[in-house]
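Visitor: Structural data only, the sequence is not supplied:
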DNA sequence: TCGTTATATTGCAATATTACAATTTAAAAC
DNA sequence: GTTTTAAATTGTAATATTGCAATATAACGA
């Protein structure tokens, strides 16, 4: 009973699910799109842009960050968040191979 | 206060999040991978394959189905679930355009 | 040093998701 | 018609997620 019976699934399925979870909230999608548009940006800009409270944005940024998708200078009172392109491309490849497999379906 | 402040986000962000949610649970990833391997399959096979109870699988199938990703003959006591390739390719395209945009990030 | 500014952390409430037992539905087989 | 079989629905418990107010931290500038 209850949630999260994740250990019964394959590593591949878990990997894909973990990636998908990052994109599974519109705030995080918007945050990623916004960061990718800027050369550098500070969290306060994001708060204005997205329309959620600062702690909420910070929480979403943590989820994105823990997935390894952010890099930059995390010190100072004006942080530069950037997308970790290498990690992001890993995501993209894993997802694409998943997509390719599913496209072979014939019914 | 509380959850789901989804209306403040752009349609594009919401669309991507809705798609990602389908893939955001390893059971659903496994179910999709399993279905794509078969020409036709019945839910009971899926239950054996994934290792979750029948109502849980049924619930996950509903999530996948509501996203428009399933088609097939839903009548009879031996259902044929197949992946709706057209819808799936829509998903893929939306996701890829999202990926492409993010890849333009320079830091 | 003291205030200012930017972000993180904590605590908590509201809501959503995941899971399954029990039950129901519905078609096929007899 | 009755039994069997496959899947959906219902009800409920456990857990996860989302959101924010309040507070803490930490760097910078005066």
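Guide: In hand now; what should we look at? On a predicted model such as this, the values are computed, not experimentally measured, just so you know.
Visitor: helix or strand right after the helix or strand of chain A with the lowest mean pLDDT?
Guide: In chain A, no helix or strand scores lower on mean pLDDT, DSSP states H and E than strand A:70-73, which sits at a mean of 75. Using DSSP states H and E, the helix or strand that follows strand A:70-73 in sequence is strand A:80-83.
Visitor: So in that sheet, which strands flank that following strand, and in what orientation?
Guide: According to DSSP bridges, strand A:80-83 forms sheet pairs with strand A:70-73 (antiparallel).
Visitor: residues near residue A:21, how many?
Guide: By other Cβ atoms under 10 Å in any protein chain shown, the residues close to residue A:21 number 17. From N, CA and C alone the C-beta is placed, and that goes for glycine too.
Visitor: Tell me the pLDDT of it.
Guide: Per-residue confidence (pLDDT) for residue A:21: 96.
Visitor: do you know how far residue A:89 is from residue A:19?
Guide: Residue A:89 is 12 Å from residue A:19, where distance means Cβ to Cβ, to the nearest Å.
Visitor: Whether the helix or strand hosting residue A:49 contacts DNA strand C - can you check?
Guide: Applying DSSP H and E as the criterion places residue A:49 in helix A:43-50. Yes - in terms of Cβ under 7 Å from any atom of the strand, part of helix A:43-50 sits within range of DNA strand C, namely A:43-45.
Visitor: Show me which positions of that helix end up buried.
Guide: Neighbour counts over helix A:43-50 (16 or more other Cβ atoms under 10 Å in any protein chain shown) mark A:45-47, A:49-50 as buried.
Visitor: quick check, the following helix or strand past it touching DNA strand D?
Guide: Once the chain leaves helix A:43-50, the next helix or strand it forms, by DSSP H and E, is helix A:54-66. Yes - counting by Cβ under 7 Å from any atom of the strand, contacts between helix A:54-66 and DNA strand D involve A:54-56, A:59-60, A:63.
Visitor: Would you enumerate the residues in contact with residue A:57?
Guide: The contact partners of residue A:57, by Cβ atoms under 8 Å, 6 or more residues apart in numbering or on different chains, come to A:27, A:31, A:43, A:46-47, A:50.
Visitor: what's the farthest-apart pair in the residues you listed?
Guide: Spatially, the most separated pair among the contacts of residue A:57 is A:27 and A:43, at 13.2 Å (Cβ to Cβ).
Visitor: tell me which residues in stretch A:14-26 are buried?
Guide: A:14-26.
Visitor: and which of those residues is nearest DNA strand D?
Guide: Checking the buried residues of stretch A:14-26 against DNA strand D with Cβ to the nearest atom of the strand, the nearest one is residue A:25 at 3.5 Å.
Visitor: from memory the closest one sits against residue A:59, does it?
Guide: No - the pair residue A:25 and residue A:59 fails to qualify as a contact (Cβ atoms under 8 Å) at a distance of 10.4 Å.
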